[in-house]
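A.B. asks: predicted coordinates and the sequence they were generated for:
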Amino acid sequence: MGKILLKDLAFARSGDKGDVCNIGVIAKSGNIYEFLLEAITPEKIKRHFKGMVKGGVEIYSMPNIETLEIVLRQSLDGGATRTLRFDQTGKSMCSALQRMELEADEALIDEAKRVGEEILMKYRL
């Protein structure tokens, strides 16, 4: 077992509606998606955000596109028209979530590195 950041396992994109932030987490492979289904829980997400998410956390799986849709309620300090936070619309919440550290077996960590390199080569990033 080893530690790996979510950013090394998945892509992410976030948005908002009022005081609700939604984050799409797109796994880099099918094996990684199956791992994320078990590894990412509402409790872990709330702990990771350290009090920023005051409401509930819901996770919806989308197996056809190997993605998790995460809904964070009461997470934007009232929303764009009320908050004094720097990122009032939740656009950076996905970047913050991608810093979450997870415990994974070495085979999955190796797969994530390989898939990440293949993506870089394919798109010449």
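C.D. replies: On my side now, so go ahead.
A.B. asks: list the buried ones in the longest helix along the chain?
C.D. replies: When the chain is parsed with DSSP state H, its longest helix is helix 106-123. Buried residues in helix 106-123, counted by 16 or more other Cβ atoms under 10 Å: L108, I109, E111, A112, V115, G116. Every residue, glycine included, has its C-beta placed from N, CA and C.
A.B. asks: of these, which is the nearest to M62?
C.D. replies: Nearest to M62 among those is V115, at 18.9 Å by Cβ to Cβ.
A.B. asks: touching, that closest one and A27? I think so.
C.D. replies: No: between V115 and A27 there is no contact under Cβ atoms under 8 Å: 9.5 Å.
A.B. asks: report how many residues lie close to T67.
C.D. replies: Per other Cβ atoms under 10 Å, the neighbour tally for T67 reads 20.
A.B. asks: same thing with E66?
C.D. replies: For E66, using other Cβ under 10 Å, the count is 20.
A.B. asks: swap in A39?
C.D. replies: Residues near A39, counting by other Cβ under 10 Å: 17.
A.B. asks: so the nearest residue to it once chain neighbours are set aside is in which element?
C.D. replies: Spatial nearest neighbour of A39, chain neighbours left out: L102 (5.1 Å); criterion: Cβ to Cβ, 6 or more residues apart in numbering. For L102, the host element (DSSP states H and E) is strand 101-104.
A.B. asks: which stretches of this protein form helices?
C.D. replies: Going by DSSP H, the chain shows helices at 30-39, 42-49, 93-97, 106-123.
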